[in-house]
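Student: Build the 3D model from these lines:
(chains A and B)
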Amino acid sequence: MIDPAILRTDPDRIRESQRRRGESVEVVDELIAADAAKRAAQQHFDELRNQQKVLGRQIGPLQGALKKAADDTSRARAQAEVEALMAQASTLADDVKAADAAAIEAAALADGLWLRISNLVNLDSPVGGEADFVVLEEVGTPRDFAAEGFEPRDHLDIGELLDAIDTVRGAKVSGSRFFYLKGIGAQLEFALLNLAMQQASANGFIPMITPAIVLPSAMEGTGFLGQAAENVYRLDDDDLYLVGTSEVPLAAYHSDEILDAAALPIRYAGWSSCFRREAGSYGKDTRGIIRVHQFDKVEMFVFTTPDAAEAEHARLLRWERDFVEALELPYRVIDVATGDLGSSAARKFDIEAWIPTQGAYREITSTSNTTEFQARRLRIRMRDGDRVQPLATLNGTLCAMPRIIVAILENHQQPDGSVVVPQALRPFLGGRAVLTAPEPATRA
RNA sequence: GGAGGCGUCGCCUAGUCCGGUCUAUGGCGCCGCACUGCUAAUGCGGUUUGGGUCUUAACACCCAUCGCGAGUUCAAAUCUCGCCGCCUCCGCCA
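Tutor: All right, here's what the predicted structure looks like:
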C-alpha cells in the first residue's frame, strides 16, 4: 500500500497514478470516505473504552475496602457503591462491544479498498499500455544468418539435436508447457546458476535458497493476489501458494521486522523454482520453453532506504545488463509503460534479448522499483535514528533459466546445430567451448 | 501422525495456580544527563509497536498491543475454547 497520509493531504496524486495505470479512479473517493469512517468509528470506540476503564479502576479498590470493612454500616455502604458502579459499567460494556464491532467493520472496509490501489507510478514512466513502452537502448548486433549462409534453427530444434531439451516427455508426464532439461541442457543450467551467483556475490548479494511455497500473507504482501492472481497456483487443501518468483519469499523474509537503516542496503540473490499458471496465454509461445509452467530463476532482491531506491534500481539494471553482456547476447532495454507495471511497481525496466528465429526482441529480465509499497504491506520498516519508517524494496531478474537458454542456443548456434559457449560460461562447463550432440549410443 | 512442555514491549526474566493500584517486574544492551585528565566505574532519567486527538514542531493526552483469534466478565497477561509456532520424546522418512 501507499502512504495513507497522501490520501488525506494529496488524493489527486493517487487519482493521477490510477488514471495513468488505466485503473479505477473512483476507488480513491470510496477510500477517502471509508478512511474517514474508519477513524471516526475507532475514535468512538476509544472514548467509550476510556470511560469503561475509568469506571473499572474504581471498582477494584472498592472491593478491597469492602473486604476490610470494619463494621456492617461501612460494609453496606461500600457494597452499595460497588453495585452502583457495576450497573453503570454493565450498560457501558454493551456500548463498547457494539462500538468495537463497528470499528472492526469500518477498518475491514477501508483495508479492503486499500488493497485495490496500486503503487504510485513514477512520473517518468511512459503512459499507456503494453505496447507503449519506450526503448532506452539497443546493445549488440543481431547476427546476419543470411550472410553466413544458413537458416537458423529455433531453440527447440537445437535443444532436441543436442538432446538437451525434451518437451514431448514433459507433456507426457506433466502436461503442456512442462519440459525436461537433459544432459548438456541440465549442465547448462547449473553453469548459468553458478555464473549468476558468482556475479551476484561479487556485487554484495547474499545467496539464498528460498521456499517455493508460501502463506497467503506473503503472496498478498507482495501484491500478487490482485490482477495477477489468475497466474498463481494455489494449494487448496492447505491454503498455500506456489510462488511465481522468489521475489515473494525474499520480500517476506523480513516481514514484521524493523531493520537498522545503517545496515541498508541488504541485497539477496534468491534461487528457486517458479510456478506460473499462464492463464490467458493459450496459443502464445506454445512451442519450446519460452513460456512454461515451471522454471528456475536467480532473482535479485534489495531492501534499501526510500531515498536510495532510484539509484539502486539503476544498479539492478546495470547488473542485469552485465550478465546478459557476459553471455554475448544482443539485447535492448525498455522502459515499461504505466499500464503494464503490475500493482507493486512504480517503475519497471525490462531487458529483451534478440531471438533470431522470431526476428524479435523477447523479455528475459525485469527489474522493478516497488518503493515502499511492498514494505508497507509486509510491515517491513527501518529504524533511522529515533524514527521508525517504511523502507523501499526492489527486485530484478538475474537469470531466468529457460529464456536465457533459448537466447544462448539461438544466438550462438552454428550451421551443424552445435552451439558456441560464451567465454564467461566456459569455466562453469569444465572449459567446454562448444555444445555438441551426444554420441548416438548415449541417446535415448 | 501421537504424547508432553513452552510462547511476556531488542535479549533474558517476574507475574498466570487464586481476574482488579499490571498504568507489566528486574537484569543485560542501547540513548541522554551528571560526575570524572580520557576510558572505565558510579548515579539519575529514558528506551515495544501501531492508531488517534492537538499541532509548524516538540510536548502532552487517549486507545490498542503479553504468539493469533474468539468467548466468559463490570473488568483478562491471568479463566475457557480454537488456531499457529518452537522444544523434547515416539512413529514415519530423503
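Student: Going by residue numbers, what spans are helices in the stretch 201-350 of chain A?
Tutor: Taking DSSP state H, counting those that start in this stretch, the helices of the stretch 201-350 of chain A run over residues A:216-221, A:247-252, A:309-326.
Student: What is the distance between the longest one and the centre of its chain?
Tutor: Think helix A:309-326. 18 Å (Cα atoms, centre = their mean, to the nearest Å).
Student: which other helices and strands contact it?
Tutor: Contact here means 3 or more Cβ pairs under 8 Å, 6 or more residues apart in numbering; DSSP states H and E; on that basis helix A:309-326 packs against helix A:184-202, strand A:294-304, strand A:331-335, strand A:347-355, strand A:360-369, strand A:392-400. For the C-beta atoms, the positions are set from N, CA and C on the backbone; glycine is no exception.
Student: now swap in the first one and tell me
Tutor: The criterion is 3+ Cβ pairs under 8 Å, 6+ apart, and the helices and strands that helix A:216-221 contacts are strand A:240-242, helix A:247-252, helix A:373-378.
Student: Say whether RNA strand B is contacted by that helix.
Tutor: No - using Cβ under 7 Å from any atom of the strand, we find that helix A:216-221 stays clear of RNA strand B, coming within 10.8 Å at best.
Student: Pull the distance from that helix to the chain's centre.
Tutor: Centroid separation between helix A:216-221 and its chain, computed with Cα atoms, centre = their mean, is 10 Å.
Student: which residues sit against it?
Tutor: Residues from elsewhere that reach helix A:216-221 (Cβ atoms under 8 Å, 6 or more residues apart in numbering): A:115, A:225, A:232, A:239-241, A:243, A:248-249, A:251-252, A:255, A:374, A:377-378.
Student: pLDDT of that helix, averaged?
Tutor: Helix A:216-221 shows a mean pLDDT of 91.
Student: quick one on the thing from earlier: got the helices and strands packed on helix A:216-221 as TSV, with mean pLDDT columns?
Tutor: Formatted as TSV, the helices and strands packed on helix A:216-221 follow (pLDDT from 0 to 100):
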stretch	mean pLDDT
strand A:240-242	92
helix A:247-252	95
helix A:373-378	94
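Student: Looking at those, which is nearest to A:N395?
Tutor: helix A:247-252 (4.5 Å; Cβ to Cβ).
Student: Export that closest one to PDB, keeping only CA atoms.
Tutor: Taking only C-alpha atoms (Å, rounded to 0.1, in the frame of the first residue of the first chain), the coordinates of helix A:247-252 have been written out as PDB:
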ATOM      1  CA  GLU A 247      10.700 -12.200  -5.000                       C
ATOM      2  CA  VAL A 248       7.800 -13.400  -2.800                       C
ATOM      3  CA  PRO A 249       9.800 -15.300  -0.200                       C
ATOM      4  CA  LEU A 250      12.700 -12.800  -0.300                       C
ATOM      5  CA  ALA A 251      10.400  -9.800   0.300                       C
ATOM      6  CA  ALA A 252       8.500 -11.600   3.100                       C
END
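Student: Need the contact partners of it.
Tutor: By Cβ under 8 Å, 6+ apart, helix A:247-252 touches A:208, A:210-212, A:214, A:217-219, A:221-222, A:224, A:243, A:268, A:270, A:272, A:299, A:301, A:374, A:378, A:380, A:393, A:395.
Student: in chain A, what spans have low per-residue confidence?
Tutor: A:61, A:63-75, A:78, A:441-444 (pLDDT under 70).
Student: how about the residues of it near RNA strand B?
Tutor: Counting by Cβ under 7 Å from any atom of the strand, chain A sits next to RNA strand B at A:4, A:39, A:42-43, A:45-47, A:49-50, A:52-53, A:55-57, A:59-61, A:63-64, A:86, A:89-90, A:92-93, A:96, A:104, A:258, A:381, A:383, A:388.
Student: For ChimeraX, what selects the buried ones among the residues you listed?
Tutor: This is how ChimeraX selects the buried members of the residues of chain A next to RNA strand B, with burial counted by 16 or more other Cβ atoms under 10 Å:
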select /A:42,45,49,52,55,89,92,96,381
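Student: Need the three-state assignment for the residue in the stretch 101-250 of chain A that RNA strand B sits nearest to.
Tutor: Closest residue of the stretch 101-250 of chain A to RNA strand B, Cβ to the nearest atom of the strand: A:I104 (6.7 Å). Classification of A:I104 by DSSP: H, G, I helix; E, B strand; the rest coil places it in helix.
Student: Against A:D12, how distant is it?
Tutor: 30 Å (Cβ to Cβ, to the nearest Å).
Student: Please name the nearest non-neighbouring residue to the one residue in the stretch 201-350 of chain A that gets nearest to RNA strand B.
Tutor: Per Cβ to the nearest atom of the strand, A:I258 is where the stretch 201-350 of chain A lies closest to RNA strand B, at 6.1 Å. Using Cβ to Cβ, 6 or more residues apart in numbering and skipping residues adjacent in sequence, the residue nearest A:I258 is A:R381, 4.9 Å away.
Student: That neighbour against A:A392, yeah?
Tutor: No - at 11.2 Å, A:R381 and A:A392 do not qualify as touching, with contact defined as Cβ atoms under 8 Å.
Student: Mind listing the shared neighbours of the two?
Tutor: What both A:R381 and A:A392 touch, as defined by Cβ under 8 Å, 6+ apart, is the set A:A375.
Student: How about the secondary structure of the closest residue to RNA strand B within the stretch 251-400 of chain A?
Tutor: Residue nearest to RNA strand B within the stretch 251-400 of chain A (Cβ to the nearest atom of the strand): A:V388, separated by 4.0 Å. Following three-state DSSP, the label given to A:V388 is strand.
Student: Chain neighbours aside, what residue packs nearest to it?
Tutor: A:R381 (5.2 Å).
Student: quick one, phi psi at the one you found?
Tutor: phi -130, psi 170 (degrees, to the nearest 10).
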